[in-house]
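# just to be clear, the model below is a prediction. Sequence and coordinates:
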Amino acid sequence: MPAFSQQPVLETDIIRLLPLQADDFQVLYAVAADPKIWEQHPNKDRWQQPAFTTFFEGAMQSKGAFKIVDKGTGATLGSTRLYDYNPQDNSIFIGYTFYGTPSWGKGINQAVKALLLDYVFQFVETVRFHIGADNVRSQIAIQRLGATKVSEQEVTYYGEQPKLNFVYEVTKPTWTTRPK
């Protein structure tokens, strides 16, 4: 088995997850600059360049962020991240995910999460997700993947104020035995 990497290149027939690079800022901000993306998010101002710049700096420092690319067109669709890997607890978080509105309702989020879950479950037993308390759209999406709410937690995002998040988790047995 390959060694665990928090930023591997991963792909399916429709998407590619590439390690986020500093020169991805403009193309990713072009996707993120839509206020509709952030309506239910705890940090509703991320569509504005100063707030997005802080978000992007945190993504770069995390060393676990990805640019999500449409394999057919090469278009940047959004971003996601692996973070808080905990070998003692045998767990990791997936989050900080956003997509441009043209990707909504097209199965992109499910494809990205499935790709990440298939990868990380080679190395951990539990995957958790922080989802904003008011982000009903993302709560529904994560439940469709078999995740269940296990707690509530104040999360301090890089350079931002703490916000209430729900913590969801999915375990390796739940993921690997799900109906496909």
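Cool, the structure landed.
# enumerate every residue touching Gly58.
By C-beta atoms under 8 Å, 6 or more residues apart in numbering, the residues touching Gly58 are 96, 157-159. Just so you know, the C-beta spots here come from the backbone N, C-alpha and C atoms, and that holds for glycine as well.
# narrow those to just the buried residues.
96, 157 (16 or more other C-beta atoms under 10 Å).
# determine which two of the contacts of Gly58 are furthest apart.
Farthest pair in the contacts of Gly58 (C-beta to C-beta) is Tyr96 and Gly159. Separation: 12.9 Å.
# between the two, which contacts overlap?
With C-beta under 8 Å, 6+ apart as the test, Tyr96 and Gly159 both reach 55, 58.
# now, which of the contacts of Gly58 lie within strands?
Mapping these onto strands (DSSP state E) picks out Tyr96.
# just put the contacts of Gly58 in CSV and tack on distance to Arg144 and pLDDT.
Formatted as CSV, the contacts of Gly58 follow (distance: C-beta to C-beta, whole Å; pLDDT from 0 to 100):
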residue, distance to Arg144, pLDDT
Tyr96, 19, 92
Tyr157, 25, 74
Tyr158, 28, 73
Gly159, 31, 75
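# closest to Leu116 out of the contacts of Gly58?
Closest to Leu116, out of all of the contacts of Gly58 and judged by C-beta to C-beta, is Tyr96, at 12.0 Å.
# what's the closest non-adjacent residue to that closest one?
Leaving out its chain neighbours, the residue that sits closest to Tyr96 by C-beta to C-beta, 6 or more residues apart in numbering is Arg81, at 4.1 Å.
# just confirm the one you found contacts Gly95, I think it does.
Yes: Arg81 lies in contact with Gly95 (C-beta atoms under 8 Å); the separation is 6.1 Å.
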